[in-house]
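Asker: Have a look at this fold, sequence not included:
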């Protein structure tokens, strides 16, 4: 675990360098703060924050020189004690240009603001769409234009949007700040126009410099496009703080909270209680003891459906319903008698049935749900099929998918196949979803996938009259497993925003608390309808 955490820290420190030391120095020579410096200056020093979309684009776009952190920093944090979403373009990465994953990350930030009715702050410093990849970012439903659609939707929803133009703001990107409720600009460095001076000259023959075309003076004194201008980044960010300080409160959802207690175990105990061997059993309750408030956990049907632990608890004072996979060796009653079994994160019929009932209870009682995934999937084989595992699994998925209370997901170990879905994977709209460094996500494990794909290739070759020796089979199997295992990495998932980031397990409690507080800002909770569930 320490090796994994050291690697996490190293990768995280690298992200803060953006496009590199040279690019940072060039950026700061213009009198500008970096993307992270702007965020740290804006946020309350005494309050916590969490990053959204950490490691987006990790090891992607290599042929284009890379795009660290997707060229944009997104955080959930406090400004003047008001929980906000902050989006800060990193101009040291390709001048802040938008790669396909940059668009996806910005949309994720807006999604979080819309779900929780949080103010959103845009710190704009971007050259616009990355033209060599324009076909992957420009025209589709979930591409660049969706951001401006969301600007309009959030305005109609009454969600405050504040934009600060702190660098370039070009072409379609110009709509983002101007569709916000407040648009501020920094003198000398901020500019906003539909077409820059070079394009204006080539299009209509007009010769003009960028500052006269769309600088701070032009847009505050002549066009009125921007509200106010400021001499430097700091004074502009101070103005944002003053605006946030005046915004009224929303009605609260009313999730239960009392005075917090420290957990029974230290956060660091997770490192020792979670085994390195992902087939080795452990008791998930020992992990939960380091996350939930001491003496607050109350198990639901603890002697039934033992491959999933369901429990009511409190985390930092907030009431939660916990659904967690269990990998402990226990004696369980099964068809044919009592048997000792290693519960390697497999979901059996009784576990799915229990979880579905628990999820419905939490929705009826307005209790947010937290899922801890360490799941290899649903149990297979004739005994499970005859017992109706598909029906019981569908019941659990149905109850979870139609859930109206906020859901939060943490992938702590395995996350394979339909188990990912049933335990509230990204496709099922968790408000926040993070992976621990120990996480692996795929249709199945590398070993299982390797053997399956090898069998398929053997059959294909046999049809062509080719047979493989045992040595050739092993070489091919190793190649398949190596390729597959690379895709199992939590950083592979984070790079594609299948999760909101990879975190140190000790930060789990903070993220849940902030997530529920964010969700509590939106009182519009729809009625819970589970649809058709076969009993």
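Answerer: Sure thing, it's come through. Owing to the predicted nature of the structure, the values given are computational and were not obtained by experimental measurement.

Asker: Quick one: end-to-end distance for stretch 130-148.
Answerer: 17 Å (CA to CA, to the nearest Å).

Asker: Only the buried residues of it, if you could.
Answerer: Neighbour-count burial for stretch 130-148 flags 130, 133, 137-138, 143-148 (criterion: 16 or more other CB atoms under 10 Å). Placement of C-beta: from N, CA and C, glycine included.

Asker: Tell me which two of the residues you listed sit farthest apart.
Answerer: 133 and 148 (19.2 Å; CB to CB).

Asker: residue with max distance from the center of the chain?
Answerer: In the chain, the greatest distance from the average C-alpha position (CA atoms, centre = their mean) is reached by residue 465, at 48.0 Å.

Asker: Just the element for it, please.
Answerer: Residue 465 is part of no helix or strand, with elements assigned from DSSP states H and E.

Asker: Relative to residue 453, how far out is it?
Answerer: Going from residue 465 to residue 453 by CB to CB, to the nearest Å gives 21 Å.

Asker: Residues in contact with stretch 36-48: which ones?
Answerer: 16, 18, 33, 49, 73, 75, 77-81, 86, 88, 121, 123, 166, 233-234, 237, 240-241, 510, 514 (CB atoms under 8 Å, 6 or more residues apart in numbering).

Asker: Repeat the analysis, applying 6 Å as the threshold.
Answerer: 16, 49, 75, 77-79, 86, 88, 123, 237, 510 (CB atoms under 6 Å, 6 or more residues apart in numbering).

Asker: Restricted to strands, list these.
Answerer: If you go by DSSP state E, those have 75, 77-79, 86, 88, 123 in strands.

Asker: Mind putting those into JSON lines with pLDDT, neighbour count and distance to residue 2?
Answerer: As requested, the ones in strands among the contacts of stretch 36-48 are exported to JSON lines (pLDDT from 0 to 100; neighbours: other CB atoms under 10 Å; distance: CB to CB, whole Å):
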{"residue": "75", "pLDDT": "98", "neighbour count": "22", "distance to residue 2": "27"}
{"residue": "77", "pLDDT": "98", "neighbour count": "21", "distance to residue 2": "28"}
{"residue": "78", "pLDDT": "98", "neighbour count": "19", "distance to residue 2": "31"}
{"residue": "79", "pLDDT": "98", "neighbour count": "23", "distance to residue 2": "35"}
{"residue": "86", "pLDDT": "98", "neighbour count": "24", "distance to residue 2": "32"}
{"residue": "88", "pLDDT": "97", "neighbour count": "25", "distance to residue 2": "31"}
{"residue": "123", "pLDDT": "97", "neighbour count": "29", "distance to residue 2": "35"}
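
Asker: Let me know the closest of the residues you listed to residue 382.
Answerer: Nearest to residue 382 among these, with distances taken as CB to CB, is residue 75, at 50.4 Å.

Asker: Surely the closest one touches residue 49?
Answerer: Yes - look at residue 75 against residue 49 with CB atoms under 6 Å: they come within range, at 5.0 Å.

Asker: Low-confidence regions, this protein specifically.
Answerer: 329-344, 380-381, 384, 386-388, 444-447, 532-535 (pLDDT under 70).

Asker: go again using 90 as the cut-off
Answerer: Within the chain, the segments meeting pLDDT under 90 span 127-132, 134-144, 168-175, 193-214, 275-281, 327-346, 376-394, 417-418, 442-488, 525-535.

Asker: still on that earlier bit, got the buried residues of stretch 130-148 as JSON lines, with secondary structure columns?
Answerer: Converted to JSON lines, the buried residues of stretch 130-148 look like this (DSSP: H, G, I helix; E, B strand; the rest coil):
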{"residue": "130", "secondary structure": "coil"}
{"residue": "133", "secondary structure": "helix"}
{"residue": "137", "secondary structure": "coil"}
{"residue": "138", "secondary structure": "coil"}
{"residue": "143", "secondary structure": "coil"}
{"residue": "144", "secondary structure": "coil"}
{"residue": "145", "secondary structure": "helix"}
{"residue": "146", "secondary structure": "helix"}
{"residue": "147", "secondary structure": "helix"}
{"residue": "148", "secondary structure": "helix"}
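
Asker: Buried residues, stretch 298-313. List them.
Answerer: Result for stretch 298-313 [16+ other CB under 10 Å]: buried residues 300-301, 305-313.

Asker: now do the same end-to-end measure for that stretch.
Answerer: Stretch 298-313 has an end-to-end distance of 6 Å (criterion: CA to CA).

Asker: Touching it from outside, list them.
Answerer: The contact list for stretch 298-313 (CB under 6 Å, 6+ apart) reads 284, 292, 296-297, 320-324, 326, 330, 332, 343, 346-348, 350-351, 354-355, 358.

Asker: same deal with stretch 216-225?
Answerer: Contacts of stretch 216-225 with the rest of the structure, by CB under 6 Å, 6+ apart, involve 178, 185, 187, 190, 226, 229.

Asker: out of the residues you listed, what pair is the most spread apart?
Answerer: Using CB to CB, the contacts of stretch 216-225 reach their maximum pairwise distance at 178 and 187, which is 17.9 Å.

Asker: where's the spatially closest residue to residue 146 that is not a sequence neighbour, which helix or strand?
Answerer: Leaving aside its sequence neighbours, residue 146 sits nearest to residue 107 (CB to CB, 6 or more residues apart in numbering; 5.9 Å). Using DSSP H and E, residue 107 falls within helix 100-116.

Asker: How about that helix, which residues are buried there?
Answerer: Buried residues in helix 100-116, defined by neighbour count with 16+ other CB under 10 Å: 100-110, 112-116.

Asker: rewinding a little: which one of the ones in strands among the contacts of stretch 36-48 is nearest residue 24?
Answerer: residue 88 (14.1 Å).

Asker: for the closest one, what are its contacts?
Answerer: 35, 38-39, 73, 123.

Asker: Likewise for residue 73?
Answerer: 35, 88.

Asker: Sheet partners, orientation included, of the helix or strand encompassing it?
Answerer: Assigned by DSSP H and E, residue 73 belongs to strand 72-79. Partners of strand 72-79 in the sheet, by DSSP bridges, are strand 50-52 (antiparallel), strand 82-89 (antiparallel).

Asker: Can you say which of the contacts of stretch 298-313 are buried?
Answerer: The neighbour-count test (16+ other CB under 10 Å) marks 284, 292, 296-297, 320-324, 326, 332, 343, 346-348, 350-351, 354-355, 358 as buried among those.

Asker: mind listing which of those residues are in helices?
Answerer: 284, 350-351, 354-355, 358 (DSSP state H).

Asker: got those as CSV, with distance to residue 58 columns?
Answerer: Formatted as CSV, these follow (distance: CB to CB, whole Å):
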residue, distance to residue 58
284, 28
350, 39
351, 34
354, 37
355, 32
358, 35
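
Asker: Next, give me the two most distant ones among these.
Answerer: 284 and 350 (16.9 Å).

Asker: thinking again about what came up before, who does the helix holding residue 107 touch, helix- and strand-wise?
Answerer: Counting contacts by 3 or more CB pairs under 6 Å, 6 or more residues apart in numbering; DSSP states H and E, helix 100-116 is packed against strand 72-79, strand 82-89, helix 145-157.

Asker: Before I go, just wanted to say thanks for your time.
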